[in-house]
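Trainee: no letters, just coordinates:
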C-alpha cells in the first residue's frame, strides 16, 4: 500500500477488491446511468451487496455523467455506497470535466453524510474506455485539489483491480509530491 498525506487527508493506493474494504465508511460504485447491476465494478458491488441495493437504486435513477448519489450498502461491509456515473470516453464530452465532476460529486456525497473514509475504483477505465493514465491523473489531481476543503473526509483510498492500474496511479502520485 502506498500512502501520502495532503493536509488532513490521507490518500492511499492499493490493489484489491472494492467489495472487501471493511475499514471504509463507503465505497464508490462506477455506476451506469440506471444504477443497475452491470459488469465490472457495478456488477461486483451489486452482487456483494445483494438485491436490496438494486431496489434502493431504482428510485434514484437515472443519473447523468458526473453525478453521484448515495445509498445504504446492505450486505457490503461498509455503511454506504456512493454511485457515480463517469463519462464514456469519446462519447460523453467534455470527458475530462465530467470525470472531475464525478469524483467531486462522490466526495460531496461523502461530506454531506459526514463520512470519514471512502474507497474509489478507477472510474470510467473499464467498459467506458477511459485511458488509465489520463483517468488516474484526473482522479488524483481532483482529490488532492479538494483535500484542503474537506471537513469530515480524512481518508481516500483508490482500490485498483489490476497491478497495471496500481502502477500507473503510483507513478502519477509520485510525480505530484
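Mentor: Received the coordinates, thanks. From a predicted model like this one, the values you see are computed outputs, not experimental measurements.
Trainee: all contacts plus neighbour counts: C-alpha atoms, from now on.
Mentor: Will do.
Trainee: what does the longest helix along the chain contact?
Mentor: Determined from DSSP state H, the single longest helix within the chain is helix 95-112. With C-alpha atoms under 8 Å, 6 or more residues apart in numbering as the test, helix 95-112 has contacts from 26, 28, 65-70, 82-89, 92, 116-118, 123-124, 135, 138-139, 142-143, 146, 150-153.
Trainee: show me the beta-bridge partners of the spatially most central residue of the chain.
Mentor: Centroid-nearest residue in the chain: residue 120, 3.0 Å away (criterion: C-alpha atoms, centre = their mean). Residue 120 forms beta bridges with residue 158, as assigned by DSSP bridges.
Trainee: and residue 172, how far from residue 116?
Mentor: 24 Å (C-alpha to C-alpha, to the nearest Å).
Trainee: from residue 125, how far off is residue 26?
Mentor: 20 Å.
Trainee: same question for residue 32.
Mentor: Using C-alpha to C-alpha, one gets 13 Å for the distance from residue 32 to residue 125.
Trainee: comparing those two, which residue is more hemmed in?
Mentor: Each of residue 32 and residue 125 has its neighbours counted (other C-alpha atoms under 10 Å); residue 32 has more, 24 against 21.
Trainee: any weak-confidence spans in this protein?
Mentor: For the chain, the stretches with pLDDT under 70 are 177.
Trainee: could you pull out the strands for this structure?
Mentor: Listed in chain order, the strands of the chain (DSSP state E) span 2-6, 9-15, 26-30, 68-72, 80-84, 117-120, 155-160.
Trainee: show me what the third one pairs with in its sheet, parallel or antiparallel.
Mentor: Just to be clear, that refers to strand 26-30. Here strand 26-30 is paired, per DSSP bridges, with strand 80-84 (parallel), strand 117-120 (parallel).
Trainee: lovely, talk soon.
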